[in-house]
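A.B. asks: Structure, please.
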Amino acid sequence: MRKKILAALTAGLIALGSFGIADAMPRDQIAKIQVKKAKDFKYWTKGSVANQKLVNFVTDVTNKNSKNFIPVEDRLAVFDMDGTILCETAPYPFEGMLWINRALYDENYTASESDRNFAIGLEKFIKTKNPNDIKGSSENRQGSVFVGMTNDEYATYVEKFMQKSVDGLSNLNFGESFYLPMIEVIKYLQANDFKVYIISGSDRNLVRILVCDMLKIPTNQIIGTDMKILASNQGDKDGRKYNYREDDYLIRGEFFFKNLNMNKVVGIAREIGKQPVLAFGNSDGDTSMLNYAINGNKYKSLSFFLICDDMEREFGDIKKADKCIKLADNNGWIKISMRDDFKTIYGDNVKRSK
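C.D. replies: Below you'll find the predicted structure:
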């Protein structure tokens, strides 16, 4: 039975004919990126101030003779995902595109009328940028179209969708649409004994599928938005009143917890139990996490803020970029300009096609 369901999920994704197969740096090659020392960075522009500040920080805090030395067990770095290490503009964050595909284009699934209408409006909004096109509220809707799936079924669905081309960037698919300079940062930190956590507003299991194997990040170092987890025979019974049975297996439930803004700090405090010394983000939803890293920290610490200012190789937003620059300056974060600091974003064979 499980094999039949997985086959149906796969068929539903193949039915989405508007996405083709891309030709960018494959995930196994991204996984092989190595940066152990400053000279190993290949994808940052020469003289990048942000890159140099990172290198100076790491050099300092890993030097046992420095007054700023940080023991290995306290070298914690936290990264947002969408828009910080992964494309969110071609044409929309990965999770949103996945959600639309499930609600509108999966021939083996029938969405509720509410979800379908919302997906139609969201798809229209992506093209028009007119918020009036969105019909209904997004609140508590994040996991609605995947309720009842097992983790394996959900993973199969996500992995198939990862093979589809993004819209507007040539030679690039969803699963490979990582910012190569930021992957170098993660690899550099890992090589210097930093423990890297991904702290995302996207579904926790989705983030695990996208990054864990490729970036060698353990699944317990992913903190994201959570859906309820249910036993297959549990139904509407409260978990406190239900006992897992021999014939049970775990399935996805409805939306449970949104990991955004202060909730990111809550997640870090609950699941890590220590204050990070490095934080990376790209939007006002990362404000609390970035400030938490640099305020009241017993160690030297830095926060970096990615600015969406590249209009040539990416779908930058100058109005948003200007606001982000002010936000970074007001909070003491180090700005990373995608336009000026990134020698390449996805690789030279990826071009903006519209």
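A.B. asks: Any stretches of this protein with poor pLDDT?
C.D. replies: 1-23 (pLDDT under 70).
A.B. asks: Go ahead and flag the most central residue of it.
C.D. replies: Against the mean C-alpha coordinate of the chain, by Cα atoms, centre = their mean, the closest residue is residue 81 at 2.7 Å.
A.B. asks: got the contact list for it?
C.D. replies: 198, 200, 202, 207, 210-211, 224 (Cβ atoms under 8 Å, 6 or more residues apart in numbering). Any C-beta I mention is one placed from the backbone N, CA and C, and that applies to glycine too.
A.B. asks: doesn't residue 303 make contact with residue 294?
C.D. replies: Yes. Assessed by Cβ atoms under 8 Å, residue 294 is found in contact with residue 303 at 5.0 Å.
A.B. asks: The residue nearest to the centre of the chain and residue 75, how far apart?
C.D. replies: 20 Å (Cβ to Cβ, to the nearest Å).
A.B. asks: Please work out how many residues are found near the closest residue to residue 286 other than its chain neighbours.
C.D. replies: The shortest distance from residue 286 to any non-neighbouring residue, by Cβ to Cβ, 6 or more residues apart in numbering, is to residue 80 (5.0 Å). Residue 80 is flanked by 27 other residues according to other Cβ atoms under 10 Å.
A.B. asks: Residue 80 contacts residue 288, doesn't it?
C.D. replies: No. In this structure, residue 80 is not within contact of residue 288 by Cβ under 8 Å, at 11.4 Å.
A.B. asks: And stretch 174-192, what's buried?
C.D. replies: Neighbour counts over stretch 174-192 (16 or more other Cβ atoms under 10 Å) mark 174-190, 192 as buried.
A.B. asks: do stretch 94-110 as well
C.D. replies: Of the residues in stretch 94-110, 94-106, 109 count as buried by neighbour count, 16+ other Cβ under 10 Å.
A.B. asks: With secondary structure and distance to residue 340 as added columns, please give the residues you listed in JSON lines.
C.D. replies: What follows is those, written out as JSON lines (DSSP: H, G, I helix; E, B strand; the rest coil; distance: Cβ to Cβ, whole Å):
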{"residue": "94", "secondary structure": "helix", "distance to residue 340": "26"}
{"residue": "95", "secondary structure": "helix", "distance to residue 340": "29"}
{"residue": "96", "secondary structure": "helix", "distance to residue 340": "28"}
{"residue": "97", "secondary structure": "helix", "distance to residue 340": "28"}
{"residue": "98", "secondary structure": "helix", "distance to residue 340": "32"}
{"residue": "99", "secondary structure": "helix", "distance to residue 340": "33"}
{"residue": "100", "secondary structure": "helix", "distance to residue 340": "33"}
{"residue": "101", "secondary structure": "helix", "distance to residue 340": "34"}
{"residue": "102", "secondary structure": "helix", "distance to residue 340": "38"}
{"residue": "103", "secondary structure": "helix", "distance to residue 340": "38"}
{"residue": "104", "secondary structure": "helix", "distance to residue 340": "38"}
{"residue": "105", "secondary structure": "helix", "distance to residue 340": "38"}
{"residue": "106", "secondary structure": "coil", "distance to residue 340": "41"}
{"residue": "109", "secondary structure": "coil", "distance to residue 340": "44"}
